[in-house]
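# what follows is a predicted protein model with its sequence.
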Amino acid sequence: MGYLYISLSALSYCIMSIFVKLAGNELMTIQIVFVRGLITLIITFFILRYKRVTTFGYNRAVLMIRGLVGTVALFLVYESLQRLSLPEATVIQYLYPICTALFASLIISEHIGKILYLAIVVGLAGVYVILDFPFLGSVIIPRLDAMIALSGAFLTGLSYVMVKKASQLRESPYVIMFYFPLVTVPISLLFLPGNWIVPSTSAWFYLILVGISSQLGQLFLTYGYEILPASRAAMTSYLQVPFSVIAGIIIFNDVITINFMIGTIMILSTIILIIKNDDVTVHGNP
(Lines give C-alpha, C1' and ligand atoms only; values in the text may rest on other atoms or scores of the structure.)
Protein backbone atom coordinates (compact mmCIF):
# COMPACT_ATOMS: atom_id res chain seq x y z
CA MET A 1 0.00 0.00 0.00
CA GLY A 2 2.91 2.35 0.72
CA TYR A 3 4.14 2.11 -2.86
CA LEU A 4 0.65 2.97 -4.10
CA TYR A 5 0.59 6.09 -1.91
CA ILE A 6 3.98 7.25 -3.22
CA SER A 7 2.88 6.56 -6.82
CA LEU A 8 -0.27 8.64 -6.26
CA SER A 9 1.89 11.35 -4.73
CA ALA A 10 4.13 11.37 -7.81
CA LEU A 11 1.06 11.62 -10.04
CA SER A 12 -0.36 14.48 -7.94
CA TYR A 13 2.92 16.39 -8.08
CA CYS A 14 3.04 15.80 -11.83
CA ILE A 15 -0.41 17.39 -12.15
CA MET A 16 0.74 20.20 -9.88
CA SER A 17 3.77 20.88 -12.10
CA ILE A 18 1.48 21.22 -15.13
CA PHE A 19 -0.54 23.97 -13.45
CA VAL A 20 2.63 25.59 -12.08
CA LYS A 21 3.89 25.80 -15.65
CA LEU A 22 0.59 27.25 -16.87
CA ALA A 23 0.41 29.77 -14.02
CA GLY A 24 4.08 30.66 -14.56
CA ASN A 25 3.28 31.99 -18.01
CA GLU A 26 1.65 34.96 -16.26
CA LEU A 27 2.82 35.07 -12.63
CA MET A 28 6.05 35.26 -10.63
CA THR A 29 7.33 32.07 -9.03
CA ILE A 30 7.11 33.58 -5.54
CA GLN A 31 3.39 34.20 -6.06
CA ILE A 32 2.83 30.58 -6.99
CA VAL A 33 4.78 29.39 -3.94
CA PHE A 34 2.82 31.74 -1.66
CA VAL A 35 -0.66 30.88 -2.96
CA ARG A 36 0.15 27.16 -3.02
CA GLY A 37 1.26 27.36 0.61
CA LEU A 38 -1.74 29.45 1.65
CA ILE A 39 -4.24 27.03 0.10
CA THR A 40 -2.64 23.96 1.68
CA LEU A 41 -2.36 25.78 5.03
CA ILE A 42 -6.08 26.62 5.07
CA ILE A 43 -7.22 23.17 3.89
CA THR A 44 -5.01 21.34 6.38
CA PHE A 45 -6.04 23.62 9.25
CA PHE A 46 -9.73 22.88 8.71
CA ILE A 47 -9.02 19.14 8.42
CA LEU A 48 -7.19 19.28 11.75
CA ARG A 49 -10.11 21.11 13.33
CA TYR A 50 -12.61 18.66 11.87
CA LYS A 51 -10.66 15.65 13.11
CA ARG A 52 -9.97 17.34 16.45
CA VAL A 53 -6.25 16.76 16.18
CA THR A 54 -3.85 18.96 18.17
CA THR A 55 -2.94 21.57 15.57
CA PHE A 56 0.73 22.04 16.43
CA GLY A 57 1.50 18.44 17.41
CA TYR A 58 3.68 17.24 20.26
CA ASN A 59 7.18 16.99 18.75
CA ARG A 60 7.40 20.58 17.62
CA ALA A 61 11.17 20.74 17.16
CA VAL A 62 11.10 17.85 14.66
CA LEU A 63 8.03 19.29 12.92
CA MET A 64 9.54 22.78 12.67
CA ILE A 65 12.77 21.36 11.23
CA ARG A 66 10.71 19.49 8.66
CA GLY A 67 8.82 22.68 7.74
CA LEU A 68 11.92 24.89 7.59
CA VAL A 69 14.11 22.44 5.67
CA GLY A 70 11.29 21.66 3.24
CA THR A 71 10.69 25.37 2.63
CA VAL A 72 14.34 26.16 1.94
CA ALA A 73 14.56 23.10 -0.33
CA LEU A 74 11.49 24.28 -2.26
CA PHE A 75 12.98 27.73 -2.88
CA LEU A 76 16.33 26.25 -3.95
CA VAL A 77 14.66 23.82 -6.37
CA TYR A 78 12.56 26.61 -7.89
CA GLU A 79 15.65 28.83 -8.17
CA SER A 80 17.61 26.05 -9.88
CA LEU A 81 14.79 25.75 -12.44
CA GLN A 82 15.30 29.44 -13.22
CA ARG A 83 19.08 29.14 -13.54
CA LEU A 84 19.50 25.78 -15.31
CA SER A 85 17.83 24.02 -18.18
CA LEU A 86 14.89 21.83 -17.12
CA PRO A 87 16.72 18.51 -17.82
CA GLU A 88 19.84 19.62 -15.92
CA ALA A 89 17.89 20.91 -12.93
CA THR A 90 15.72 17.77 -12.84
CA VAL A 91 18.63 15.33 -12.91
CA ILE A 92 20.39 17.18 -10.09
CA GLN A 93 17.16 17.34 -8.07
CA TYR A 94 16.69 13.59 -8.43
CA LEU A 95 19.89 12.99 -6.54
CA TYR A 96 17.64 13.40 -3.49
CA PRO A 97 16.81 9.65 -3.14
CA ILE A 98 20.53 9.07 -2.51
CA CYS A 99 20.52 11.90 0.06
CA THR A 100 17.37 10.45 1.61
CA ALA A 101 18.98 7.01 1.95
CA LEU A 102 22.07 8.51 3.61
CA PHE A 103 20.06 10.67 6.03
CA ALA A 104 17.73 7.75 6.80
CA SER A 105 20.75 5.67 7.74
CA LEU A 106 22.23 8.42 9.94
CA ILE A 107 19.12 9.91 11.59
CA ILE A 108 16.64 7.05 11.94
CA SER A 109 19.07 4.08 11.69
CA GLU A 110 17.39 2.70 8.58
CA HIS A 111 19.18 -0.25 6.98
CA ILE A 112 20.23 0.51 3.41
CA GLY A 113 21.18 -2.62 1.49
CA LYS A 114 23.24 -2.97 -1.68
CA ILE A 115 20.16 -3.77 -3.76
CA LEU A 116 18.52 -0.50 -2.76
CA TYR A 117 21.60 1.56 -3.61
CA LEU A 118 21.80 -0.22 -6.97
CA ALA A 119 18.11 0.49 -7.60
CA ILE A 120 18.54 4.18 -6.74
CA VAL A 121 21.47 4.55 -9.14
CA VAL A 122 19.68 2.69 -11.96
CA GLY A 123 16.54 4.77 -11.35
CA LEU A 124 18.60 7.97 -11.56
CA ALA A 125 20.15 6.69 -14.78
CA GLY A 126 16.61 6.15 -16.10
CA VAL A 127 15.81 9.80 -15.33
CA TYR A 128 19.01 10.81 -17.14
CA VAL A 129 18.02 8.80 -20.22
CA ILE A 130 14.45 10.15 -20.29
CA LEU A 131 15.78 13.71 -20.18
CA ASP A 132 18.03 13.03 -23.19
CA PHE A 133 21.43 12.88 -21.49
CA PRO A 134 21.91 16.40 -20.06
CA PHE A 135 25.44 17.71 -19.28
CA LEU A 136 26.93 16.07 -22.39
CA GLY A 137 27.15 19.38 -24.25
CA SER A 138 29.98 21.90 -24.06
CA VAL A 139 28.05 24.27 -21.77
CA ILE A 140 29.71 24.63 -18.35
CA ILE A 141 27.34 25.10 -15.41
CA PRO A 142 28.37 28.00 -13.14
CA ARG A 143 29.52 26.80 -9.73
CA LEU A 144 26.90 28.84 -7.85
CA ASP A 145 24.06 27.45 -9.97
CA ALA A 146 25.29 23.89 -9.42
CA MET A 147 25.57 24.47 -5.65
CA ILE A 148 22.01 25.84 -5.48
CA ALA A 149 20.64 22.80 -7.33
CA LEU A 150 22.70 20.34 -5.25
CA SER A 151 21.65 22.03 -2.02
CA GLY A 152 18.02 21.69 -3.09
CA ALA A 153 18.44 17.95 -3.59
CA PHE A 154 20.37 17.61 -0.32
CA LEU A 155 17.71 19.40 1.73
CA THR A 156 14.86 17.59 -0.04
CA GLY A 157 16.34 14.31 1.14
CA LEU A 158 16.65 15.64 4.70
CA SER A 159 13.09 17.00 4.62
CA TYR A 160 11.63 13.62 3.64
CA VAL A 161 13.57 11.84 6.37
CA MET A 162 12.12 14.33 8.86
CA VAL A 163 8.66 13.38 7.57
CA LYS A 164 9.51 9.75 8.39
CA LYS A 165 10.94 10.78 11.77
CA ALA A 166 7.74 12.65 12.68
CA SER A 167 5.68 9.64 11.56
CA GLN A 168 7.72 7.38 13.83
CA LEU A 169 6.93 9.76 16.70
CA ARG A 170 3.21 9.12 16.02
CA GLU A 171 2.45 12.60 14.77
CA SER A 172 -0.70 12.88 12.68
CA PRO A 173 -0.03 13.03 8.92
CA TYR A 174 -2.08 16.23 8.85
CA VAL A 175 0.07 17.86 11.52
CA ILE A 176 3.19 16.93 9.53
CA MET A 177 1.62 18.44 6.42
CA PHE A 178 0.54 21.56 8.33
CA TYR A 179 4.08 22.58 9.31
CA PHE A 180 5.30 22.86 5.72
CA PRO A 181 2.97 25.71 4.64
CA LEU A 182 3.12 27.11 8.20
CA VAL A 183 6.76 28.00 7.44
CA THR A 184 6.47 28.53 3.67
CA VAL A 185 3.72 31.15 3.78
CA PRO A 186 5.38 33.74 6.10
CA ILE A 187 8.77 33.33 4.41
CA SER A 188 7.36 33.75 0.90
CA LEU A 189 5.26 36.68 2.14
CA LEU A 190 8.51 38.57 2.82
CA PHE A 191 9.39 38.45 -0.88
CA LEU A 192 5.94 39.37 -2.25
CA PRO A 193 6.12 43.20 -2.07
CA GLY A 194 7.04 44.44 -5.52
CA ASN A 195 6.61 40.99 -7.05
CA TRP A 196 2.83 40.66 -6.99
CA ILE A 197 0.97 40.58 -10.30
CA VAL A 198 -2.83 40.59 -10.17
CA PRO A 199 -3.81 37.15 -11.54
CA SER A 200 -6.34 36.80 -14.34
CA THR A 201 -9.34 34.51 -13.90
CA SER A 202 -7.53 31.66 -15.64
CA ALA A 203 -4.41 32.22 -13.50
CA TRP A 204 -6.50 32.04 -10.31
CA PHE A 205 -7.96 28.78 -11.62
CA TYR A 206 -4.46 27.38 -12.17
CA LEU A 207 -3.33 28.55 -8.73
CA ILE A 208 -6.25 26.85 -7.01
CA LEU A 209 -5.48 23.61 -8.85
CA VAL A 210 -1.81 23.96 -7.88
CA GLY A 211 -2.90 24.14 -4.24
CA ILE A 212 -5.31 21.20 -4.46
CA SER A 213 -2.90 18.91 -6.32
CA SER A 214 -0.10 19.92 -3.94
CA GLN A 215 -2.35 19.05 -0.99
CA LEU A 216 -3.02 15.60 -2.44
CA GLY A 217 0.67 15.10 -3.21
CA GLN A 218 1.62 15.97 0.38
CA LEU A 219 -1.11 13.74 1.79
CA PHE A 220 -0.14 10.67 -0.24
CA LEU A 221 3.57 11.31 0.35
CA THR A 222 3.10 11.56 4.13
CA TYR A 223 1.06 8.36 4.28
CA GLY A 224 3.62 6.63 2.05
CA TYR A 225 6.52 7.63 4.27
CA GLU A 226 4.55 6.51 7.31
CA ILE A 227 4.36 2.97 5.88
CA LEU A 228 7.57 2.58 3.87
CA PRO A 229 11.22 3.00 4.80
CA ALA A 230 12.23 6.53 3.75
CA SER A 231 14.83 5.35 1.23
CA ARG A 232 12.35 3.09 -0.62
CA ALA A 233 9.67 5.77 -0.64
CA ALA A 234 12.09 8.32 -2.09
CA MET A 235 13.17 5.96 -4.86
CA THR A 236 9.57 5.30 -5.89
CA SER A 237 9.19 9.05 -6.50
CA TYR A 238 11.24 8.59 -9.70
CA LEU A 239 7.84 7.79 -11.24
CA GLN A 240 7.12 11.51 -11.37
CA VAL A 241 9.54 11.91 -14.30
CA PRO A 242 7.78 9.57 -16.76
CA PHE A 243 4.42 10.87 -15.49
CA SER A 244 5.54 14.41 -16.36
CA VAL A 245 6.74 13.38 -19.80
CA ILE A 246 3.41 11.64 -20.51
CA ALA A 247 1.60 14.80 -19.40
CA GLY A 248 3.78 16.84 -21.74
CA ILE A 249 2.88 14.53 -24.61
CA ILE A 250 -0.86 14.76 -23.88
CA ILE A 251 -1.17 18.43 -22.94
CA PHE A 252 1.77 20.27 -24.49
CA ASN A 253 2.11 18.11 -27.66
CA ASP A 254 5.60 16.93 -26.76
CA VAL A 255 6.93 14.02 -28.81
CA ILE A 256 7.46 10.55 -27.35
CA THR A 257 11.04 9.32 -27.82
CA ILE A 258 12.97 6.07 -27.60
CA ASN A 259 14.85 7.58 -24.64
CA PHE A 260 11.54 7.99 -22.80
CA MET A 261 10.63 4.34 -23.34
CA ILE A 262 14.06 3.03 -22.30
CA GLY A 263 14.29 5.31 -19.24
CA THR A 264 10.77 4.46 -18.10
CA ILE A 265 11.51 0.73 -18.35
CA MET A 266 14.64 1.29 -16.22
CA ILE A 267 12.67 3.16 -13.54
CA LEU A 268 9.81 0.66 -13.44
CA SER A 269 12.27 -2.24 -13.31
CA THR A 270 14.05 -0.80 -10.27
CA ILE A 271 10.76 -0.23 -8.44
CA ILE A 272 9.64 -3.80 -9.17
CA LEU A 273 13.04 -5.02 -7.94
CA ILE A 274 12.62 -3.18 -4.65
CA ILE A 275 9.06 -4.44 -4.15
CA LYS A 276 10.18 -8.02 -4.79
CA ASN A 277 13.11 -7.55 -2.42
CA ASP A 278 10.66 -6.34 0.25
CA ASP A 279 8.57 -9.48 -0.27
CA VAL A 280 11.65 -11.66 0.17
CA THR A 281 12.57 -9.81 3.38
CA VAL A 282 9.07 -10.13 4.81
CA HIS A 283 8.90 -13.86 4.15
CA GLY A 284 12.37 -14.41 5.59
CA ASN A 285 13.90 -15.94 2.48
CA PRO A 286 17.54 -15.36 1.58
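Okay, I see it. Numbering: from 1, shown residues only.
# wait, isn't Thr156 in contact with Phe75?
No - Thr156 is beyond contact range of Phe75, at 11.4 Å (criterion: Cβ atoms under 8 Å). Placement of C-beta: from N, CA and C, glycine included.
# higher neighbour count, those two?
Thr156 (26 against 19; other Cβ atoms under 10 Å).
# where does that one land in three-state SS?
helix (DSSP: H, G, I helix; E, B strand; the rest coil).
# now the closest residue to it other than its chain neighbours: how far from Gly194?
Sequence neighbours aside, Tyr96 is the residue nearest to Thr156 in space, at 4.1 Å (criterion: Cβ to Cβ, 6 or more residues apart in numbering). Tyr96 sits at a distance of 32 Å from Gly194 (criterion: Cβ to Cβ, to the nearest Å).
# and the two? which has more neighbours close in?
Tyr96 (24 against 7).
# give the contact list for the more buried one.
Ala153, Phe154, Thr156, Gly157, Tyr160, Ala234 (Cβ atoms under 8 Å, 6 or more residues apart in numbering).
# ok, Pro242 next?
Each residue near Pro242 by Cβ under 8 Å, 6+ apart is listed here: Ile130, Phe260, Gly263, Thr264, Ile267.
# next helix or strand past the helix or strand where it lies?
Element membership for Pro242, per DSSP states H and E: helix 240-251. Using DSSP H and E, the next helix or strand after helix 240-251 towards the C-terminus is helix 258-283.
# run the angle between that following helix and helix 240-251 for me.
Per axes from the mean of the first three to the mean of the last three Cα atoms, to 10 degrees, the angle that helix 258-283 makes with helix 240-251 is 140 degrees.
# mean confidence score for helix 258-283?
Averaged across helix 258-283, pLDDT comes to 78.
# now find how far off-centre that helix is within its chain.
How far helix 258-283 lies from its chain's middle: 19 Å, per Cα atoms, centre = their mean, to the nearest Å.
# tell me which residues in that helix are buried?
Neighbour-count burial for helix 258-283 flags Asn259, Phe260, Gly263, Thr264, Met266, Ile267, Thr270, Ile271, Leu273, Ile274, Asp278 (criterion: 16 or more other Cβ atoms under 10 Å).
# now the residues you listed as JSON lines including distance to Thr222?
Output for the buried residues of helix 258-283, formatted as JSON lines (distance: Cβ to Cβ, whole Å):
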{"residue": "Asn259", "distance to Thr222": "33"}
{"residue": "Phe260", "distance to Thr222": "30"}
{"residue": "Gly263", "distance to Thr222": "28"}
{"residue": "Thr264", "distance to Thr222": "26"}
{"residue": "Met266", "distance to Thr222": "27"}
{"residue": "Ile267", "distance to Thr222": "22"}
{"residue": "Thr270", "distance to Thr222": "23"}
{"residue": "Ile271", "distance to Thr222": "20"}
{"residue": "Leu273", "distance to Thr222": "25"}
{"residue": "Ile274", "distance to Thr222": "20"}
{"residue": "Asp278", "distance to Thr222": "20"}
